[in-house]
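Visitor: got a sequence here, can you model it:
(2 chains)
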Amino acid sequence: MANRTDPLAKNIRGTNPQNLVEKIVRTKIYQHTFWKEQCFGLTAETLVDKAMELDHLGGTFGGNRKPTPFLCLILKMLQIQPEKEIVVEFIKNDDYKYVRILGAFYLRLTGTDVDVYRYLEPLYNDYRKVRQKLSDGRFSLTHVDEVIEELLTKDYSCDIAMPRLKKRWTLEQNGLLEPRKSVLEDDFEEEEEKEENEGIADKSEDEKDHHRKSPERERERDRRRDSHRHRDRDYDRDYDMDRDYDRERGRGRDRDRERDRDHYRERDRDRERGRDRERDRRDRARRRSRSRSRDRKRNETDDVRDRDRDEPKKKKEKKMREDGTDHPDPEIAEQNRLRASLGMKPLKM
Amino acid sequence: MIEVVLNDRLGKKVKVKCNEDDTVGDLKKLVAAQTGTRAEKIRIQKWYNIYKNHITLKDYEIHDGMGLELYYN
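Guide: Purely as a prediction, here's the structure:
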């Protein structure tokens, strides 16, 4: 039978090697003409000839998910299970880049973690262009090292789910691998030296600019935020002073307060300043006040703030976050959160 | 906001809330998030019309409460 795995083949990851390709994709490959005509009765040697004729890589494409010849050959390799030496030969050969990628892909599917890292990482230095067929049928340009990167980091490529690969760090810890040595390391060292010699003066200036910008911007924002609290001058002065002191000295005497403040600051970047913060502090039971003094002050000046609120600023207060993640209905809020994480606009009510 | 029902007749029935101007590709992402399959593996059909990824639900005239067929690639 043409589709059965070689009976002498070993089990990979506990199952028939062909099962690494999902059932639906596998069926599509079996029904494709390339498989039926060209991949019938292939052996390891004749497979090499077919591999040399490849001119693009990819998974399935089109409305009815046709497989590419690349994918058919992968399934063929899983079926006949060539020896490891042959696969390594595929990878080591320099002339045919698609044969290389074919070997690399097969090794990624079937090899052990150490082997995968050992044989695939040298391919990072190969920066030749390759043609990739996307799922809508168009071709796109990519490079060999990009493909290898995808194989090593992602868990899905060319319509095949990759087996779990242990992190390099784990293998290094266990002493099975040496730390990665990049070919560009020498270049990096040279650049570092250059930088050190030239830019010692430049560097310190840059750092200063960095520091200068953020606290100033934030101080301005805080000033704007607290502008409505003028009525209670004592509170204002006290709070501002504390905050400035903390920030400048970087000591965060009341560490919790600082953390909360930073939390508020980040949220403010997304939505309206100040007023929401007031409301949130009062309404949301979740946000426990860490600092007692702030609590006391808050209770005192509640009335004052209410008075402020009744002014025309009311409209701005009601404005929700743009991505709708704080909608009153929890279901909709959750949906909006999911949509935001996928990069979509919120639900239109 | 409309709510569409997707049924694969093998036990998976999902209700998804979406906008009318979402594309079919976006709908597939939402379905993938709910069912756990990958978005690329999902195929949404209505009888023999396979819905294309780049067309909006509004253009396909998919209304609130409509049932779509869920298939896999």
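Visitor: quick check, pLDDT for residue 15.
Guide: Reading this off chain A. Note on A:T15: pLDDT of 83.
Visitor: oops, chain B please
Guide: pLDDT at B:K15 comes out at 94.
Visitor: thought it was touching B:I2?
Guide: No. Shown here, B:K15 and B:I2 do not form a contact pair, counting by C-beta atoms under 8 Å, at 10.8 Å. Using the backbone N, CA and C atoms, a C-beta is placed for each residue, glycine as well.
Visitor: between the two, which has more neighbouring residues?
Guide: Per other C-beta atoms under 10 Å in any protein chain shown, whichever of B:K15 and B:I2 has more neighbours is B:I2, with 18 against 12.
Visitor: the more buried one contacts B:V16, doesn't it?
Guide: No. Judged on C-beta under 8 Å, B:I2 makes no contact with B:V16 at a distance of 9.3 Å.
Visitor: around chain B, which positions in the stretch 51-200 of chain A sit nearby?
Guide: Contacts of the stretch 51-200 of chain A with chain B, taken as C-beta under 8 Å from any C-beta of the partner chain, map to A:T60, A:G63, A:R65, A:S135, A:D136, A:Y156, A:D159.
Visitor: switch the cut-off to 6 Å
Guide: Taking C-beta under 6 Å from any C-beta of the partner chain as the contact definition, the stretch 51-200 of chain A meets chain B at A:G63, A:R65.
Visitor: number of residues surrounding the residue of the stretch 151-300 of chain A found nearest chain B?
Guide: Of all residues in the stretch 151-300 of chain A, A:Y156 sits closest to chain B, at 7.0 Å by C-beta to the nearest C-beta. Neighbour count of A:Y156, defined by other C-beta under 10 Å: 13.
Visitor: quick check: closest non-adjacent residue to it.
Guide: Nearest-residue entry for A:Y156: A:M162, 6.4 Å, with adjacent residues in sequence omitted and distances by C-beta to C-beta, 6 or more residues apart in numbering or on different chains.
Visitor: now swap in A:F105 and tell me
Guide: In space, A:F105 is closest to A:I74, 6.0 Å off (C-beta to C-beta, 6+ apart).
Visitor: quickly note the distance from that neighbour to chain B.
Guide: A:I74 sits 17 Å away from chain B, going by C-beta to the nearest C-beta, to the nearest Å.
Visitor: which helices and strands does the helix or strand harbouring that residue pack with?
Guide: Using DSSP states H and E, A:I74 falls within helix A:69-80. Judged by 3 or more C-beta pairs under 6 Å, 6 or more residues apart in numbering or on different chains; DSSP states H and E, the packing partners of helix A:69-80 are helix A:33-38.
Visitor: for the helix it packs on, output the C-alpha coordinates as CSV.
Guide: Presented in CSV, the C-alpha positions along helix A:33-38 are these (Å, rounded to 0.1, in the frame of the first residue of the first chain):
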residue,chain,number,x,y,z
THR,A,33,-1.4,14.1,-7.9
PHE,A,34,2.2,14.9,-6.9
TRP,A,35,2.1,12.3,-4.2
LYS,A,36,0.4,9.8,-6.4
GLU,A,37,2.6,10.2,-9.4
GLN,A,38,6.0,11.4,-8.2
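Visitor: name the helices or strands packed onto it?
Guide: Looks like helix A:33-38 contacts helix A:69-80 (3+ C-beta pairs under 6 Å, 6+ apart).
Visitor: so which residues on chain B come close to chain A?
Guide: Along chain B, the residues adjacent to chain A under the rule C-beta under 6 Å from any C-beta are B:M1, B:K17, B:N19, B:D26, B:K29, B:A33, B:I50, B:Y72, B:N73.
Visitor: and residue 64, how many residues sit next to it?
Guide: Unless you meant another one, I'm taking chain A. Neighbours of A:N64 (other C-beta under 10 Å): 10.
Visitor: oops, wrong one, chain B.
Guide: Using other C-beta under 10 Å, B:D64 has 10 other residues around it.
Visitor: ok, so what distance separates the residue lying closest to it once chain neighbours are set aside from B:Y60?
Guide: Excluding the flanking residues, the one nearest B:D64 by C-beta to C-beta, 6+ apart is B:I2, at 4.0 Å. B:I2 sits 12 Å away from B:Y60, going by C-beta to C-beta, to the nearest Å.
Visitor: sorry, back to before: who's the residue nearest to B:D64 bridged to?
Guide: B:C18 (DSSP bridges).
Visitor: please verify my assumption that A:N336 contacts A:T325.
Guide: Yes. Between A:N336 and A:T325 there is a contact under C-beta atoms under 6 Å: 4.9 Å.
Visitor: when those two are compared, which one has more neighbours?
Guide: When neighbours are counted by other C-beta under 10 Å, A:N336 comes out ahead of the other of A:N336 and A:T325, with 23 against 19.
Visitor: then whatever helix or strand the more buried one lives in to PDB, C-alphas only?
Guide: Per DSSP H and E, A:N336 falls inside helix A:330-342. Extracted C-alpha coordinates of helix A:330-342, given in PDB (Å, rounded to 0.1, in the frame of the first residue of the first chain):
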ATOM      1  CA  PRO A 330     -18.800  41.500  32.200                       C
ATOM      2  CA  GLU A 331     -19.400  39.300  29.200                       C
ATOM      3  CA  ILE A 332     -18.900  42.200  26.800                       C
ATOM      4  CA  ALA A 333     -16.000  43.400  28.700                       C
ATOM      5  CA  GLU A 334     -14.300  40.000  28.300                       C
ATOM      6  CA  GLN A 335     -15.100  39.900  24.600                       C
ATOM      7  CA  ASN A 336     -13.600  43.300  24.200                       C
ATOM      8  CA  ARG A 337     -10.500  42.200  26.000                       C
ATOM      9  CA  LEU A 338     -10.100  39.200  23.700                       C
ATOM     10  CA  ARG A 339     -10.600  41.400  20.700                       C
ATOM     11  CA  ALA A 340      -8.100  43.900  22.000                       C
ATOM     12  CA  SER A 341      -5.500  41.100  22.400                       C
ATOM     13  CA  LEU A 342      -6.200  40.000  18.800                       C
END
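Visitor: that one vs chain B: in contact?
Guide: Yes. Helix A:330-342 lies within reach of chain B by C-beta under 6 Å from any C-beta, at A:Q335, A:L338, A:L342.
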